[in-house]
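S.K.: Okay, here's the prediction I keep looking at, along with the sequence it came from:
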Amino acid sequence: MASYDLIVIGSGTAAQVAVGRVRAAGWSVAVIDHRPFGGTCALRGCDPKRMLVSGEEAIDAARRMARHGVDGTLAIDWPDLMAFKRTFTDPIPAKQAHRYAELGVDALHGVARFAGPDTIVVEGRTLRARHILIASGARPVPLGIPGEDLVSTSDAFLELQALPRRIVLIGGGYVAAEFSHLAARAGAEVTILQRAERLLPHFDPDLVGWLTPRFEALGIRVETGATVTRVERSGSGLLVHAERQGEPDLSVAADLVVHAAGRGPDLKALDLSAGEVAVQDGRLQLDAHLRSISNPRVYAAGDAAGVGPRLTPVSSHDAKVVAANLLDGPTHQPDYRGVPSVAFTLPPIAAVGLSEEAARRGGVALRVNAASTPDWFTARRLAEPVYGHKLLIDEDTDLILGAHLVGPNADEVINVFGLAIRHGLTAADLRSTMFAYPTGASDVGYMLT
Ligand SMILES: Cc1cc2nc3c(=O)[nH]c(=O)nc-3n(C[C@H](O)[C@H](O)[C@H](O)COP(=O)(O)OP(=O)(O)OC[C@H]3O[C@@H](n4cnc5c(N)ncnc54)[C@H](O)[C@@H]3O)c2cc1C
Ligand SMILES: NC(=O)c1ccc[n+]([C@@H]2O[C@H](COP(=O)([O-])OP(=O)(O)OC[C@H]3O[C@@H](n4cnc5c(N)ncnc54)[C@H](O)[C@@H]3O)[C@@H](O)[C@H]2O)c1
């Protein structure tokens, strides 16, 4: 029976980072994935999505600059844009396999499951390891509604060869916001059915309010407070039923219905009980070192661990913590201060640190610098009507507690505030920093005065 120091289940960001570090220390490692090597971010998430957003950005820029010296008549050719995306995604699995071969890591394809506390079975092969890292990512949460099998996934959306005319997104978080902007700019009629009372609950409500007119301008129908209850076939298409207080049957016709209702740890195939790995309510039971509380050989990282926000930089951070714990003993803990996050609508919306609500709950003396600023140069030069910020500063210490941005460059400038939060920089530190002018970051000083 093959035996390793470490078996890693999954080949996404968390797996790649952990494998690299542990292998560099001379450990024998096997990595297993039942899908092509590379994981969600590179193959089915962040990167392919942003390749497609690039097409959208070109359209958006042309439309904003129409009547300002640019002929604004551009259109997306969906199959061509998909082909552009594939120039990035197609080579990844082979590159990853090549990297593993170069590192001397055994890379195996198949569904991995526990067959004992230190034993994994994959494709009929039994492997044993001193340690096992569960880096199996996340999957869409079950909707538990009739017609669920008619609902497509974000994976399928990012592979669509043709864009259907009518698209319904179930949910109103990251996936719904990003896909709705993309599909609407590519010419689809899009409806968002969001159970929560507002769009993008992970972001500041005032800034989401400033962004909302862009959804309206794109013709995206947004129904909040609407829980999807059923999907059925109707003629050649689909009919999505939702209910809202006082409106028992809100129905929307569609050619494609996409799950955008959240993701949870992908633990289904792992047979965790055979591995003596404790799980409760679908979540791994981990200690502060990302180690299973019931099987000390087993660690978890990233979306599968589900401890920090389900984002790529968190998967990478978790994996560094796990690798350090494997190599030094379980002494390291994750630190999720200052994890920036962006929803790639156009313009983007971003957040890092505390929300205003959480900061007020914390009881600190709070200074809030908030403004909608489409009259600032950054927005004016781009003819962009949405631009604003909300900064939360501790009045006593001058530390940045939270930053919320919407508008051009929000996706980049949020990192300046992430740096400040993670490294304890004050508002005065940022004000005294020189930023190249005129750039998105050169507005940081104005936001802080
Ligand atoms: C559409 C979309 C867009 C996103 N955009 C962003 C973004 O812009 N920025 C951002 O920070 N985050 C984004 N995310 C989230 C980000 O992609 C994830 O947080 C990150 O990729 C998780 O990495 P991971 O290594 O934890 O898991 P994954 O990359 O998901 O890797 C897990 C792997 O495990 C494999 N696996 C699962 N079970 C088994 C098993 N039993 N046996 C063998 N293999 C198994 C899976 O096939 C998968 O390849 C996005 C997610 C989605 C879905
Ligand atoms: N840019 C990014 O960083 C990015 C982009 C996409 C995905 N992601 C990651 O992937 C995860 C999944 O994204 P997501 O958009 O699916 O989840 P999400 O958690 O952002 O949003 C899900 C939304 O679906 C709603 N919902 C749930 N059940 C519903 C129902 N039956 N009917 C109507 N609405 C319902 C909820 O109210 C919630 O607001 C995110 O949490 C994030 O971690 C990140």
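M.R.: Sure, I can see it. The model shown is predicted, which means the values in this text are computed figures rather than measured ones. Ligands and ions are numbered 1, 2, ... in the order given.

S.K.: Get me the contact residues on the stretch 1-150 of the chain for ligand 1.
M.R.: Taking Cβ under 6 Å from any ligand atom as the test, the list of the stretch 1-150 of the chain residues beside ligand 1 reads 9-15, 32-35, 39-41, 45-46, 49, 111-112, 135-137. All C-beta atoms are positioned from the backbone trio N, CA, C, and that covers glycine.

S.K.: try it again with 5 Å
M.R.: Residues of the stretch 1-150 of the chain lying close to ligand 1 (Cβ under 5 Å from any ligand atom) are 10, 12-14, 32-35, 39-41, 45-46, 49, 111-112, 136-137.

S.K.: Can you tell me, leaving aside adjacent residues, what's nearest to Ala358?
M.R.: Closest residue to Ala358 in three dimensions, ignoring its sequence neighbours and counting by Cβ to Cβ, 6 or more residues apart in numbering: Gly402, at 7.6 Å.

S.K.: wouldn't the one you found be in contact with Ala350 here?
M.R.: No - proximity of Gly402 to Ala350 does not meet the contact threshold set by Cβ atoms under 8 Å, at 11.3 Å.

S.K.: Compare the two (neighbour count), which wins?
M.R.: A side-by-side neighbour count of Gly402 and Ala350, using other Cβ atoms under 10 Å, places Ala350 first with 28 against 23.

S.K.: could you check the distance from the more buried one over to Gly235?
M.R.: In this structure, Ala350 and Gly235 are separated by 41 Å, where distance is defined by Cβ to Cβ, to the nearest Å.

S.K.: Let me see the contact set for whatever residue of the stretch 51-200 of the chain ends up closest to ligand 2.
M.R.: At 2.0 Å from ligand 2, Gly173 is the closest residue in the stretch 51-200 of the chain, using Cβ to the nearest ligand atom. The contact partners of Gly173, taken as Cβ atoms under 8 Å, 6 or more residues apart in numbering, are Leu200, Pro201, His202, Ala260, Gly262.

S.K.: By neighbours, which of those residues wins?
M.R.: With neighbours set by other Cβ under 10 Å, the maximum within the contacts of Gly173 is found at Ala260, which has 27 neighbours.

S.K.: hang on, that one packs against Val168?
M.R.: No - counting by Cβ under 8 Å, Ala260 sits too far from Val168 to count as a contact (9.6 Å).

S.K.: list residues touching both of these two?
M.R.: With Cβ under 8 Å, 6+ apart applied, the overlap between the contact sets of Ala260 and Val168 consists of Ile192.

S.K.: and the lowest-mean-pLDDT helix or strand in the chain, what does it pack onto?
M.R.: Counting by mean pLDDT, DSSP states H and E, the weakest-scoring helix or strand in the chain turns out to be strand 247-254, with a mean of 92. Here strand 247-254 touches strand 166-170, strand 189-194, strand 221-224, strand 237-244, going by 3 or more Cβ pairs under 8 Å, 6 or more residues apart in numbering; DSSP states H and E.

S.K.: hmm, 10 Å instead?
M.R.: On a contact count with 3 or more Cβ pairs under 10 Å, 6 or more residues apart in numbering; DSSP states H and E, strand 247-254 meets strand 166-170, strand 189-194, strand 221-224, strand 227-234, strand 237-244.

S.K.: Next one: Ala261 from Ala323, what distance?
M.R.: Separation of Ala261 from Ala323 (Cβ to Cβ) stands at 33 Å.

S.K.: Check what pLDDT the residue of the stretch 251-400 of the chain found nearest ligand 1 gets.
M.R.: With Cβ to the nearest ligand atom as the measure, Gly302 is the residue of the stretch 251-400 of the chain nearest to ligand 1, at 2.3 Å. The per-residue pLDDT reported for Gly302 equals 98.

S.K.: what does Gly72 give?
M.R.: Model confidence at Gly72, given as pLDDT, is 79.

S.K.: so how far is Phe344 from it?
M.R.: To Phe344, Gly72 is 22 Å away according to Cβ to Cβ.
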